[in-house]
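Engineer: Any chance you can model this:
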Amino acid sequence: MSNSNSNNTSNIVSKVWAFCNTLRDDGVGYGDYLEQLTYLLFLKMADEYSKPPHSRKMPIPAKYNWGALTNKSGGELELHYNTLLRELGNEKGMLGQIFTKSQNKIQDPAKLYKLIALIDAEQWVMMGVKDKGDIYEGLLEKNAEDTKSGAGQYFTPRALIKAMVICLQPEPGKTIADPACGTGGFFLAAYDWITENYELDKGHKQFLKFKTFYGNEIVASTRRLALMNLFLHNIGDIDSDTIISPNDSLIADAGVRYDYVLANPPFGKKSSMTFTNEDGEQEKEDLTYNRQDFWVTTSNKQLNFLQHIKSMLKTTGMAAVVLPDNVLFEGGAGETVRKRLLETTDLHTILRLPTGIFYANGVKANVLFFDGKASSKTPWTKEIWVYDYRTNIHHTLKKNPLKLDDLKDFINCYNPGNRHKRKSTFSDTNLEGRWRKFTYEEIVARDKTSLDITWLKDKSLADLHNLPDPDELAEEIVENLEAGLANFQAIIDALKK
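Structural biologist: Numbers count the residues shown, from 1 in each chain. Predicted coordinates for the structure are as follows:
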């Protein structure tokens, strides 16, 4: 990219951020700003596509297109914008999904007029895909950092996503799914990997744009951010069918099998649905999914997602899934799921993640890597390699966030080029090695077939001189207290019910 283009993009980013800060003074949070930006950007880009040199016929009714917005102001603009949002939500395809349940959160018509003028001043279609994507991804990350918005639960650390994609090394012409896709981070990382590592012909480019990615996201506001994020990265199109379904992916087996599944299902052990009782009050009820293809019926959301992902995978497919610790050691349904997973897939790698990398506080999670297999009388899993990137590791979201470089050693140990040739870094002479192999026999001999495996000594317990800096400790204490309070609140809610 030339310096002039780079400068122009950074200027646009500055303008977008400056206006965001102006709106925050009016009580409009990052999430609400991001939504309004999404609606308006989508309409502006559709307008640009309808003109030369593209001259495409757009599915947006003339009275609700970009031109109809730019020639109004004041109360007339506010009224028209509200009507536009409501009407476009009834349209089909990506257009309807972008505007589903849309609302105007900018109460001052003068500010809305300024935001429209700011977007109108730029040519977005002509801007590089990476530049547009970077602007939007930056806004998504800022929104995730805003703890009050709760958006962090839909945002997986991008460094972790990239590491998972590097390990799987997705190929062009194959399908990639995420049953809880949030803002689409896994799709974008996979898209970048494929475009950067392969020479794509016309057929591959078309497949990548329209037929590679399939996701589910039940939260309308998050789904629209994901669709816009993908659209800005050249995945899907304004008049194409939506590639992200609003349906709960756990309800039933859709019958489709995929080459890759990359996912970070939502945190929280219970699935629930909201209903209105006889007194007209809102209540929540735990959901259990009675599916014939599941090994066990449980209300544990994480175990259900793991079973569902196994069912989505082709017998030649590969999966990488972020799951909390309880999936690795819980008895009952958890033990059943682990045993069946070991038998029916090749669960070959577990990455133990540190705390302090997710926007949900105090989360202890892991990445499970497993390959789909055909049915067999003997277990497919022969050995599991475990990389402990938790013990004696300290990350915080602001002062020491997770970076891709932090996971380089894991990626090297994983050996994506040929994962069947691996070398343990743990031995009698190196008791601090983080990479270690366990046989199937060793795993099933463990209590409850627990996969919660650790062997490194926690230095902070053994040596007070190795404690992290006070500010890091303070941040960890705050995170753990907040996580504890959230658990207590969940217990209180359950008791009330």
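Engineer: drop to CA atoms for contacts and neighbour counts, all remaining ones
Structural biologist: Will do.
Engineer: Let me know whether Trp380 touches Arg340 as I believe.
Structural biologist: No. Counting by Cα atoms under 8 Å, Trp380 stays clear of Arg340, with 10.1 Å between them.
Engineer: Settle it for me: which of the two has more neighbours?
Structural biologist: Trp380 (21 against 14; other Cα atoms under 10 Å).
Engineer: any idea which element that one lies in?
Structural biologist: Per DSSP states H and E: Trp380 is located in neither a helix nor a strand.
Engineer: which ones are touching it?
Structural biologist: Contacts for Trp380 (Cα atoms under 8 Å, 6 or more residues apart in numbering) come out as Leu342, Glu343, Thr344, Thr345, Asp346, Lys373.
Engineer: go again using 6 Å as the cut-off
Structural biologist: Contacts for Trp380 (Cα atoms under 6 Å, 6 or more residues apart in numbering) come out as Glu343, Thr344, Thr345, Asp346.
Engineer: Angles on the backbone of the residue positioned nearest the centre of the chain, please.
Structural biologist: Nearest residue to the geometric centre of the chain (Cα atoms, centre = their mean): Gly182, 4.4 Å. Per-residue torsions, Gly182: phi 50, psi -130 (degrees, to the nearest 10).
Engineer: What separation is there between it and Leu34?
Structural biologist: 15 Å (Cα to Cα, to the nearest Å).
Engineer: With Leu118 instead?
Structural biologist: 14 Å.
Engineer: what's the answer for Pro401, then?
Structural biologist: Taken as Cα to Cα, the span from Pro401 to Leu34 is 23 Å.
Engineer: who has more neighbours, those two?
Structural biologist: Taking other Cα under 10 Å, Pro401 and Leu34 do not tie; Leu34 has more neighbours (19 against 15).
Engineer: Can you tell me what sits against the helix or strand containing that one?
Structural biologist: Using DSSP H and E, the element containing Leu34 is helix 30-49. Residues outside helix 30-49 that contact it (Cα under 6 Å, 6+ apart) are Arg56, Trp66, Asn143.
Engineer: Look at the residue nearest to the last one when sequence neighbours are not counted and report its pLDDT.
Structural biologist: Which is Asn143. Distances taken as Cα to Cα, 6 or more residues apart in numbering put Tyr30 closest to Asn143, at 5.1 Å, once the chain neighbours are dropped. Confidence at Tyr30, expressed as pLDDT, is 77.
Engineer: where in the stretch 251-400 of the chain is pLDDT low?
Structural biologist: 268-286 (pLDDT under 70).
Engineer: What segments of it are helices?
Structural biologist: With DSSP state H, counting those that start in this stretch, the ranges of helices along the stretch 251-400 of the chain come out as 301-312, 326-329, 333-344.
Engineer: Nearest to Asn234, out of the ones you listed?
Structural biologist: helix 301-312 (25.4 Å; Cα to Cα).
Engineer: before we move on, the earlier item: on the C-terminal side of the helix holding Leu34, identify the next helix or strand.
Structural biologist: helix 66-70.
Engineer: Restricting to C-alpha, output that next one in CSV.
Structural biologist: Once non-C-alpha atoms are left out, helix 66-70 reads as follows in CSV (Å, rounded to 0.1, in the frame of the first residue of the first chain):
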residue,chain,number,x,y,z
TRP,A,66,-28.5,5.9,1.0
GLY,A,67,-29.6,8.9,-1.2
ALA,A,68,-32.9,9.0,0.8
LEU,A,69,-30.9,9.5,4.0
THR,A,70,-28.4,12.2,2.8
